[in-house]
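Peer 1: Give me the fold of what follows.
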Amino acid sequence: MKVLFVLLSLITISFISFSYAQTQTSLEDGLFVNVQSELRNSDGQLITYLESSKFTDLDLLPLYDFLDFEASVGNDPIVIIDGKKYQIIQRTRIITFDFDNVIGSTNLSDNLDGKIIPLARFAHDGLLVVPGDSLKSTWTFVRLV
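Peer 2: Numbering: from 1, shown residues only. The predicted structure follows:
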């Protein structure tokens, strides 16, 4: 019985480690994505800060469409790095919670004709939130133009 339990535990651990394969973007490939998440309590005190440029889900084709649209409505700077032009697009969203919850990922999605399209997901340890807590997510995109 102990052998079966150990075997099942190993299978579960192996499954979990493979289910969270991560993708990282890079300037060399023409797109770098980074997300910063700040969880603050109702008094504005910082509870948790997370930052990543690795994503468990990244759907590049709709992400490029999203960035084209965002660039068309914003005044996003263009910089030169190693002789190449890059555009920096940064967007921030703040969510204030009115109920107890656990947040296990930071997600970026787009609304296309009433349908929610997932673009990027940063899976992380669960964050416990209570009413009044706020989560500020800042997404930074650096893309070749």
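
Peer 1: which regions of this structure sit below the pLDDT cut-off?
Peer 2: Scanning the chain for pLDDT under 70 picks out 1-21.

Peer 1: Spell out the residue ranges of the helices in it.
Peer 2: 2-19, 60-73 (DSSP state H).

Peer 1: Buried residues, the shortest one. List them.
Peer 2: Within helix 60-73, the residues scored as buried using 16 or more other C-beta atoms under 10 Å are Leu63, Phe66, Leu67, Glu70, Ala71. Yep, even glycine has a C-beta here, placed from its N, CA and C like the rest.

Peer 1: same for it, what does it pack against?
Peer 2: The contact analysis (3 or more C-beta pairs under 8 Å, 6 or more residues apart in numbering; DSSP states H and E) places helix 60-73 against strand 31-40, strand 84-96, strand 101-112, strand 115-129.

Peer 1: so which of these gets nearest Thr25?
Peer 2: Closest approach to Thr25 among those (C-beta to C-beta): strand 31-40, 4.8 Å.

Peer 1: how many degrees apart are that closest one and strand 84-96 in direction?
Peer 2: On the basis of axes from the mean of the first three to the mean of the last three C-alpha atoms, to 10 degrees, strand 31-40 is oriented at 20 degrees to strand 84-96.
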